[in-house]
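Participant: Prediction below, plus the sequence it came from.
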Amino acid sequence: MKTKPAKTCYSHLGGKLGTLLLEQLIEKGWIAKEQASDKHYYITSKGEEEFTKLGVDLSLIKEE
């Protein structure tokens, strides 16, 4: 049987891969929260730089 480390949850990455990715983005300082109790993260200046290096088009992210 194959393991399933990644899955989608609605239109988002979930599962173990999603959890590990989130943890690494926080640890590397690419995303952060204003306050620990906040539900949403924001992309930091470092994150903007690093995502751009990876070829991620951040203009496709809709602000809510």
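Facilitator: Done, it's in.
Participant: which element follows the lowest-mean-pLDDT helix or strand in the chain toward the C-terminus?
Facilitator: Sorting the helices and strands of the chain by mean pLDDT, DSSP states H and E puts strand 7-9 at the bottom, at a mean of 78. Note on strand 7-9: by DSSP states H and E, the next helix or strand toward the C-terminus is strand 12-14.
Participant: Can you list the strands that that following strand pairs with?
Facilitator: According to DSSP bridges, strand 12-14 has the following sheet partners: strand 7-9 (antiparallel).
Participant: related to what we said a few turns ago, what's next to the least confident helix or strand of the chain, contact-wise?
Facilitator: 13-15, 18 (C-beta atoms under 8 Å, 6 or more residues apart in numbering). Backbone N, C-alpha and C define where each C-beta goes, glycine included.
Participant: buried ones in stretch 7-21?
Facilitator: Gly18 (16 or more other C-beta atoms under 10 Å).
Participant: With just CA atoms, put that stretch into CSV.
Facilitator: Written as CSV, here are the backbone C-alpha positions of stretch 7-21 (Å, rounded to 0.1, in the frame of the first residue of the first chain):
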residue,chain,number,x,y,z
LYS,A,7,-3.9,15.5,-0.1
THR,A,8,-6.1,18.4,-1.0
CYS,A,9,-8.6,19.9,1.4
TYR,A,10,-11.0,21.9,-0.7
SER,A,11,-8.5,23.8,-2.9
HIS,A,12,-5.6,23.7,-0.4
LEU,A,13,-2.7,21.4,0.2
GLY,A,14,-3.3,19.3,3.3
GLY,A,15,-2.1,16.1,4.9
LYS,A,16,1.3,15.5,6.3
LEU,A,17,3.0,17.4,3.4
GLY,A,18,0.9,20.4,4.0
THR,A,19,1.6,20.4,7.7
LEU,A,20,5.4,20.0,7.2
LEU,A,21,5.4,22.8,4.5
